[in-house]
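Colleague: what follows is a predicted structure for the sequence shown.
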Amino acid sequence: MNFTEDQPEVVVVRTGSANIASVAAALTRLGTVPHVTEDPKVVLAAPVVVLPGVGAFGAAVTHLRNRGLDEVIRERVRCDRPLLAICLGMQLLCESSEEHPGVAGLGIVPAHVGRFGRDQRVPQMGWNRSLPAATCVLLRPDWMYFAHSFRIETIKGEWNVATTEYGGTFVSAFERGALLACQFHPELSGSGGLALIGRWLSLAIGRKVVPC
């Protein structure tokens, strides 16, 4: 892999159901070179990784496990190597999801993904405001684009969280160290979304890869 300050390469994990085209386009606009792969060795060694996702929780988790990518992603987070998880990619980091009961998630984040209440129209599709806690470093108050029927209500532990209102309060993003996870789609959220990805890239690019 070629990783230079002029045109850094960003590895995008193929989850089997992902919005790879729009993610790759956003990364290209920000001056990086996206490289799509499902090779666990490449994903583990890459300085910068994006875990996108659109589709079903169970199918995506199974796809990752069948290729050994679940352990690789856990290892990246454990070693604080840069990872951006988007939409379903964020939900995959959790322990479980109401979408597919009995299917374990990656278990990186101590949280359960639940469906919106029956009185809420789903999917929530469109713009909504994300409000980060004062402890957030990368996240800013902004309007972001959402497309989802399931959400995280709360996260246990020391995570810096942003929240959004839709049928109650839910977690719209969280960050810690080199990990940024967004329920919304920053790649589809105009200048604000691109700015967020850019802030994460600025943190990630040039970061020394820590041996695990």
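Modeller: Looks like it arrived, so ask away.

Colleague: can we go C-alpha only for contacts and neighbour counts from here?
Modeller: OK.

Colleague: strands of the chain, residue ranges please.
Modeller: Counting by DSSP state E, the chain has strands at residues 9-13, 33-37, 49-51, 83-86, 94-97, 109-115, 124-132, 142-148, 150-152, 160-165, 169-176, 179-182.

Colleague: these: which one's closest to Arg65?
Modeller: When the strands of the chain are compared by C-alpha to C-alpha, strand 9-13 sits nearest Arg65, at 12.8 Å.

Colleague: who touches the closest one?
Modeller: Strand 9-13 is contacted by residues 1-3, 20, 24, 27, 32-38, 42-43, 46-52 when judged by C-alpha atoms under 8 Å, 6 or more residues apart in numbering.

Colleague: partner strands of that strand, parallel or antiparallel?
Modeller: If you go by DSSP bridges, strand 9-13 pairs up with strand 33-37 (parallel), strand 49-51 (parallel).

Colleague: which of the ones you listed is buried the deepest?
Modeller: For the strands paired with strand 9-13, ranked by mean neighbour count under the definition mean count of other C-alpha atoms under 10 Å, the leader is strand 49-51 at a mean of 27.

Colleague: could you dump the strands paired with strand 9-13 to JSON lines with mean pLDDT?
Modeller: Formatted as JSON lines, those follow (pLDDT from 0 to 100):
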{"stretch": "strand 33-37", "mean pLDDT": "95"}
{"stretch": "strand 49-51", "mean pLDDT": "97"}
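
Colleague: make TSV out of those and add distance to Leu93.
Modeller: TSV is the format used below for the strands paired with strand 9-13 (distance: least, C-alpha to C-alpha, whole Å):
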stretch	distance to Leu93
strand 33-37	19
strand 49-51	10
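
Colleague: right, and those - which one's nearest Pro110?
Modeller: Nearest of the strands paired with strand 9-13 to Pro110, taken as C-alpha to C-alpha: strand 49-51 at 18.2 Å.

Colleague: roughly how far is that closest one from the heart of the chain?
Modeller: 7 Å (C-alpha atoms, centre = their mean, to the nearest Å).

Colleague: can you list the neighbours in contact with that strand?
Modeller: 10-15, 43, 82-86, 89-90.

Colleague: state the pLDDT value of Val11.
Modeller: Looking at Val11, its pLDDT reads 97.

Colleague: so Glu98 touches Gly117, yeah?
Modeller: No: using C-alpha atoms under 8 Å, Glu98 is not in contact with Gly117; the gap is 11.9 Å.

Colleague: would you mind listing where the chain has pLDDT under the threshold?
Modeller: In the predicted model of the chain, residues 1-6, 17-18, 208-212 satisfy pLDDT under 70.

Colleague: ok, the residue nearest in space to the middle of the chain - contacts?
Modeller: Taking C-alpha atoms, centre = their mean, the centroid of the chain lies closest to Ala85, which sits 1.3 Å from it. Contact partners of Ala85, counting by C-alpha under 8 Å, 6+ apart, are Val50, Leu51, Pro52, Leu179, Leu180, Ala181, Cys182.
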